[in-house]
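S.K.: my questions are about this predicted structure, shown below with the sequence.
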Amino acid sequence: MQHIDPPRRGNVEQLLLNAELRNELEPFYDEAIALVDTRLFSLERENEFFASMLAWERAPSLPIAEWFNPPLEPRNPRELNADELHQELWGLINQLYEKRIVFDHTSHLTDRELYVLIVRDVLPVWVKKLDNSPSDHYIHWDCAKIDSDPTTWLTYYASEEERQCWLRYNQGPLPASLPVPYPRVLPRDPDEAWNEKPQQSQDDKFWFKDDDDVSWDGGGAEWDGQESDWEGSSDWSDDLPE
C-alpha cells in the first residue's frame, strides 16, 4: 500500500491537523497526490493542500443549475424581448459569479447568443460543488473555445504578438483581426485583474482580460463528464451558432 510522506516538524496544532488530514486522505490516495512534492510547502500550506484535496474527494457532483436553491430555471429566450433578455442574462451572470463561475471571451456574442450558451452548455454540466473551497478558486468558461478552434480568439481577442506566436507554431493563414462587435465587461476573477489589457471595440476602448491561459472550456478537471437530464433549452438550442 502506498503512503503519503511522513509529516515534518511544526507547531503542535498544525502537526495534529496534518496527521488527521493524512489519515482521512488515505482511502483516496492516488498518483495525483503522489506527484505533488509537499516538501516544498510549509506545514501550514501542506495542510491547506490536503484539506482542498479532501474537500474535492467528498464534494457532490451536481448540474450547475442545481447548485442553487431553488435550482435555476431560466426563461426561454424566444419569449423575451431584447430588454427582458438583457436583464435575464445579467441576472444569470451575477448569480453564477456568486458561485465563482466566470466567463471569458464573450464580446463576439450577442446577448441572446451568450444567454443560450449559458443555459444550454453551462447550467446542465455536472461539476463538483465545493461549498468550502478557497475564495480564490474560480471556474472559468471559455466562450471562444480556444482549445477546439482558436479562430474566434485569433480574430477578436489575441494581440498581434500572440497572433504571430500562434502562426510560428501552426499552419496559417491567420484570420483578419477585428474589433469585438458586442463589447461587455463581466465580473472577473479578482486574482487575474492584473492581466487585463485595453482592446479597441467598434465604438470605444474597453478592458478585456488576456485569457490565453483559460482554465476550462467545458471539460477538464472541473467536469466529471456526466450529462444532465435537465432540459432548459432543448427546443431553442439552434439560437446559438456553432
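M.R.: Yes, it's here.

S.K.: hang on, residue 119 in a strand?
M.R.: No: Residue 119 is assigned helix when assessed by DSSP: H, G, I helix; E, B strand; the rest coil, not a strand.

S.K.: the most centrally placed residue in the chain pairs with what?
M.R.: By CA atoms, centre = their mean, the mean C-alpha position of the chain lies nearest to residue 140, the distance being 1.7 Å. Here residue 140 shows beta-bridge partners residue 102, assigned using DSSP bridges.

S.K.: mind giving me the domain split of the protein?
M.R.: Domain assignment for the chain by automatic domain parsing gives 12-58, 61-239.

S.K.: the shortest one spans what distance, first to last residue?
M.R.: Between the start and the finish of domain 12-58 there is a gap of 26 Å, counting by CA to CA, to the nearest Å.

S.K.: comparing the domains of the chain, which stretch has the densest surroundings?
M.R.: Most buried of the domains of the chain, by mean neighbour count (mean count of other CB atoms under 10 Å): domain 61-239, with a mean of 16. Backbone N, C-alpha and C define where each C-beta goes, glycine included.

S.K.: what mean pLDDT does that domain get?
M.R.: For domain 61-239, the mean per-residue pLDDT is 78.

S.K.: mind listing what residue 92 touches?
M.R.: Residue 92 makes contacts with 72, 74, 115, 118-119, as judged by CB atoms under 8 Å, 6 or more residues apart in numbering.

S.K.: oh, I was asking about residue 70
M.R.: No contacts exist for residue 70 under CB under 8 Å, 6+ apart.

S.K.: relative to residue 95, how far out is it?
M.R.: Using CB to CB, to the nearest Å, we find residue 70 at a distance of 12 Å from residue 95.

S.K.: what ranges do the helices span in this structure?
M.R.: Along the chain, the stretches classed as helices by DSSP state H are 12-25, 31-34, 43-58, 82-98, 111-117, 151-156, 160-169.

S.K.: what's the angle from the first one to helix 43-58?
M.R.: Right, the one you point to is helix 12-25. Angle, helix 12-25 to helix 43-58, by axes from the mean of the first three to the mean of the last three CA atoms, to 10 degrees: 30 degrees.

S.K.: which other helices and strands does helix 12-25 contact?
M.R.: Of the remaining helices and strands, those touching helix 12-25 by 3 or more CB pairs under 8 Å, 6 or more residues apart in numbering; DSSP states H and E are helix 43-58.

S.K.: on that earlier part again, wait, the residue nearest to the centre of the chain touches residue 104, no?
M.R.: Yes: in this structure, residue 140 is within contact of residue 104 by CB atoms under 8 Å, at 5.5 Å.

S.K.: still on that earlier bit, can I get the contacts of residue 92 in JSON lines with distance to residue 21?
M.R.: JSON lines is the format used below for these (distance: CB to CB, whole Å):
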{"residue": "72", "distance to residue 21": "34"}
{"residue": "74", "distance to residue 21": "39"}
{"residue": "115", "distance to residue 21": "42"}
{"residue": "118", "distance to residue 21": "36"}
{"residue": "119", "distance to residue 21": "39"}
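
S.K.: contact partners for residue 187?
M.R.: Applying CB under 8 Å, 6+ apart, the residues near residue 187 are 93-94, 97, 102.
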